[in-house]
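Trainee: Kindly return the folded structure for what I paste below:
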Amino acid sequence: MQRAGMSEFSIDFQSELRDLMRWRRDVRRFRTDPVDEALLRDCLDTFLLSPSVGLSEPWRVIRLRSAAARAAALANFSATNAEALAGYAGEKAMLYSTLKLSGMQDAPVQLAIFCDEATDKGAGLGAATMPETRRYSVVGAITHFWLAARARGLGVGWVSILDPVRLTEDLDLPREWALVGYLCVGWPVTTSDTPELELAGWETRRGALLVEER
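Mentor: Residues are numbered from 1 along each chain as shown. Purely as a prediction, here's the structure:
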């Protein structure tokens, strides 16, 4: 495997990387055991390795440690989740009500990841015509972090059932910061390479990727 001027990685590494991607699942059931700070920092440092549009590095990472901040986030989820449940009916509503959609009550580490839409870093290169690419850059950085965490045995759960404006206000953050992801991080109770929503019968994964040509 070449390092300088690297052209490709070994077949073994490629296989292990594919396994890592397969095991990178959304975790919602966490042990309350603390996560070593050096380990967490090592994973967070992968943000610095992530590409970003115009080298804008628009990610802003907020760690919720206080009881007040976590309570506000959990109340946000509870209210938003109740609204989401009201949008379903019949069997789908019954199934939704049984799903565990957040690990916020147990996860020892909780991170709110924002995109700074007003950053002047990068001078707007690539974002003038498609400003959403800043948020895409943040998503890419989250993926780097997630894979690094999973490789070390940590679980990560992405909570998207939140009111982003309310969370930004509750955390007293600039309005120009847009919530991209709320991550629960910790040691998983169990691990599986099958998405929990698939196990619960909510949806099934496609068997093959459909690629259209023009």
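Trainee: okay, CA-based contacts and neighbour counts for the rest of this
Mentor: Fine.
Trainee: For this protein, which segments count as strands?
Mentor: Along the chain, counting by DSSP state E, strands occupy 59-63, 109-116, 155-159, 177-186.
Trainee: if I pick Thr133, what's in contact with it?
Mentor: Val53, Gly126, Ala127 (Cα atoms under 8 Å, 6 or more residues apart in numbering).
Trainee: just Leu20 next, same as before
Mentor: Here Leu20 is in contact with Leu147, Arg150, Ala151 (criterion: Cα under 8 Å, 6+ apart).
Trainee: between the residues you listed, which has the most around it?
Mentor: Leu147 (22 neighbours; other Cα atoms under 10 Å).
Trainee: Okay, helices next: where are they in this protein?
Mentor: 11-23, 37-44, 67-86, 90-98, 133-151, 164-170, 196-199 (DSSP state H).
Trainee: which one of the contacts of Leu20 is nearest Ala118?
Mentor: For Ala118, the nearest member of the contacts of Leu20 is Leu147. The distance, counting by Cα to Cα, is 28.1 Å.
Trainee: Please read off the pLDDT at that closest one from the model.
Mentor: pLDDT recorded at Leu147 is 97.
Trainee: Could you pull up the residues touching it?
Mentor: Neighbouring residues of Leu147 by Cα under 8 Å, 6+ apart: Leu20, Met21, Arg24.
Trainee: shouldn't the last one be in contact with Pro195?
Mentor: No: under the contact definition of Cα atoms under 8 Å, Arg24 does not touch Pro195, with a separation of 9.3 Å.
Trainee: For those two, indicate the residue with more neighbours.
Mentor: Between Arg24 and Pro195, Arg24 has the larger neighbour count (other Cα under 10 Å), namely 25 against 18.
Trainee: for the strands of the chain, which one sits closest to Glu203?
Mentor: When the strands of the chain are compared by Cα to Cα, strand 155-159 sits nearest Glu203, at 17.4 Å.
Trainee: Can you tell me what sits against the closest one?
Mentor: Strand 155-159 is touched from outside by 25-28, 30, 101-103, 146, 149-150, 181-188, with contacts defined as Cα under 8 Å, 6+ apart.
Trainee: and if you look at stretch 46-65?
Mentor: 70, 109-117, 119-127, 133-135, 137-138, 140-142, 144-145, 148.
Trainee: again, only using 7 Å
Mentor: Applying Cα atoms under 7 Å, 6 or more residues apart in numbering, the contact partners of stretch 46-65 are 70, 110-116, 119, 121-122, 124-127, 133-134, 137-138, 140-141, 144-145.
Trainee: Identify each buried residue in that stretch, please.
Mentor: Buried residues in stretch 46-65, counted by 16 or more other Cα atoms under 10 Å: 46-47, 50, 52-60, 64.
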